[in-house]
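In: just a sequence and a predicted model for now, questions to come.
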Amino acid sequence: MAYRLQLLKGLFRSTHELAQLSHAEKIRGLWPKFSLLVLISVLLSLAAGALGIQGESISAYMAESDMYTYEWLKLLFTAGSGIAGLLLPLFFIFIPALLFWTFLELEFKKLIALQCMAFSIYLIEFALLILWNIFFSIPRESSPFSLGVVAQYATENALAIRFFSFITIFQIWILVMQYRFLRTSQARKPLFVFFMVFFVGLACWIIATLFTSIHVENLF
């Protein structure tokens with residue numbers, strides 16, 4: 001059976017789409033959809049960089065610079081955001097797929113398709129965070145979609161708050177989708193699959209926390 005990858009249907013009709021993907025002998029439209037996700041990721045990242053979103057760490061330094069230096073730093077920050085937007089889907093899609101393929105013995109191409117659906121959810125979250133920042137000036141740490149707000153009442157540790165800000169309803173959506181598909185593997189028990197999905201997600205949150213906590217201003 002040939003299965004054509006449908007990203008939106010995969011999100012909102014996940015039971016049907018994941019079942020079809022699981023039984024597919026051939027997957028069509030995978031690489032065009034992957035390319036589209038990379039393009040959207042780059043465009044969103046460029047928009048976020050141009051708007052200065054998540055650039056609070058260097059905003060004070062830029063404010064003290066002359067106009068030429070300010071525009072140059074803004075261009076560098078935007079370009080850096082675009083490069084991050086290019087690399088992120090490669091990391092987000094291929095690394096978890098490789099781990100799942102290694103431990104669960106599922107077809108690698110199907111895992112790539114699964115991660116493309118998962119990355120679509122991430123892009124929806126990213127777009128909403130940009131809009132939330134534009135219209136309400138609310139950063140990721142205070143997003144109503146995450147545990148960052150709760151963490152701010154529990155601790156003043158910036159790193160802990162940043163970590164919990166990456167635990168969102170969208171990330172839980174991704175974990176649920178991954179688990180529902182991966183549990184079809186007959187090689188491992190459902191409990192093993194659950195912990196596999198959880199620890200991969202946890203590793204991604206930790207890496208994202210450390211990466212976004214780098215003090216970029218110290219590089220200038």
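Out: Structure received. Residues are numbered from 1 along each chain as shown.
In: confidence score at the spatially most central residue of the chain?
Out: The geometric centre of the chain, computed from its C-alpha atoms, lies nearest to residue 122 (CA atoms, centre = their mean), at 4.4 Å. Residue 122 is assigned a predicted lDDT (pLDDT) of 96.
In: please apply the same query to residue 31.
Out: pLDDT recorded at residue 31 is 93.
In: mind checking the SS state of it?
Out: Look at residue 31: counting by DSSP: H, G, I helix; E, B strand; the rest coil, its state is helix.
In: just checking, the residue nearest to the centre of the chain touches residue 173?
Out: No - with contact defined as CB atoms under 8 Å, residue 122 does not reach residue 173; the gap is 9.7 Å. The way it works is simple: take the backbone N, C-alpha and C, and place the C-beta from them, glycine included.
In: would you map the helices across this structure?
Out: All helices of the chain, identified by DSSP state H, fall at 7-12, 14-23, 30-50, 56-63, 67-104, 108-136, 148-154, 158-165, 169-182, 190-212.
In: which among the ones you listed is found nearest to residue 142?
Out: For the helices of the chain, proximity to residue 142 was assessed by CB to CB; helix 148-154 is nearest, at 5.8 Å.
In: still on that earlier bit, quick one: the residue nearest to the centre of the chain and residue 7, what's the gap?
Out: Here the criterion is CB to CB, to the nearest Å. By it, residue 122 lies 12 Å from residue 7.
In: between those two, what contacts are shared?
Out: Between them, residue 122 and residue 7 share no contacting residue under CB atoms under 8 Å, 6 or more residues apart in numbering.
In: what residues does stretch 75-92 touch?
Out: 34, 37-38, 41-46, 48-50, 52, 55, 58, 115, 118-119, 122, 204, 216.
In: if any of these are buried, put those into a ChimeraX selection.
Out: Provided next is the ChimeraX selection string for whichever of those are buried by 16 or more other CB atoms under 10 Å:
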select :34,37,38,41,42,44,45,46,48,49,52,55,58,115,118,119,122,204,216
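In: quick one: low-confidence parts of the protein?
Out: Within the chain, the ranges that satisfy pLDDT under 70 run 54-66, 185-187, 214-220.
In: now do 80
Out: Counting by pLDDT under 80, the low-confidence segments of the chain come to 1, 9-10, 12-14, 52-74, 184-188, 212-220.
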